[in-house]
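Chemist: got a predicted structure plus its sequence, pasted below:
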Amino acid sequence: MAQLDNCPKCGRLFVKNQFRDICEICYKEEEKLFEKVYNFLRKRENRTATLAQVVAATEVDETLIIKWIKKGRLQLVQFPNLGYPCDKCGKIIREGRLCLECNQGLQQQLQKLEEEKQRQIDNQRMTYYTKKDEN
């Protein structure tokens, strides 16, 4: 569903939808930058470039390149040394949102939480009996 919004880059009013998160003018500027990056990466000698090397050679902002990678516009299969940062620790990854270590840590935390939840349920089920004093 389309809605009116201000462009996060320039502040112009535009109709935001599922395909565009910036105004038409900024979109055209981004497309020119995308072409610049893609043309750089298409050259055989540049296909093994890292993200830092692409940024240095094209002078395109790293966050913009990461945005294109996450959207699937730059296929990592074709560029073996490109990646994007893990959402938690910042380590460069090639798929998902978390690196292996952060994912395993999250799984361990979830497991501990489930064990604690089960322990609380078990404690609620326990019945305690007291011996009545007979004086």
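Modeler: Nice, I can see it. Numbering: from 1, shown residues only.
Chemist: name the residue closest to the centre of this structure, please.
Modeler: The centroid of the chain falls nearest to Arg97 when counting by Cα atoms, centre = their mean (4.5 Å).
Chemist: roughly how far apart are it and Gln111?
Modeler: Per Cβ to Cβ, to the nearest Å, Arg97 is found 20 Å from Gln111. From N, CA and C alone the C-beta is placed, and that goes for glycine too.
Chemist: can I assume the residue nearest to the centre of the chain is in contact with Tyr84?
Modeler: No. If you go by Cβ atoms under 8 Å, Arg97 and Tyr84 don't touch, sitting 9.3 Å apart.
Chemist: what segments of this structure are strands?
Modeler: Ranges of strands within the chain are 3-6, 13-16, 84-85, 92-93, based on DSSP state E.
Chemist: quick one, longest helix in this structure?
Modeler: The longest helix of the chain (DSSP state H) is helix 100-125.
Chemist: how far off centre is that helix?
Modeler: Distance, stretch centre to chain centre, for helix 100-125: 24 Å (Cα atoms, centre = their mean, to the nearest Å).
Chemist: so how far is Lys36 from Gly83?
Modeler: Per Cβ to Cβ, Gly83 is found 20 Å from Lys36.
Chemist: next, count neighbours for the residue lying closest to Ala57 once chain neighbours are set aside.
Modeler: Nearest residue to Ala57 in three dimensions, chain neighbours excluded: Phe40, at 5.7 Å (Cβ to Cβ, 6 or more residues apart in numbering). When neighbours are defined as other Cβ atoms under 10 Å, Phe40 has 16 of them.
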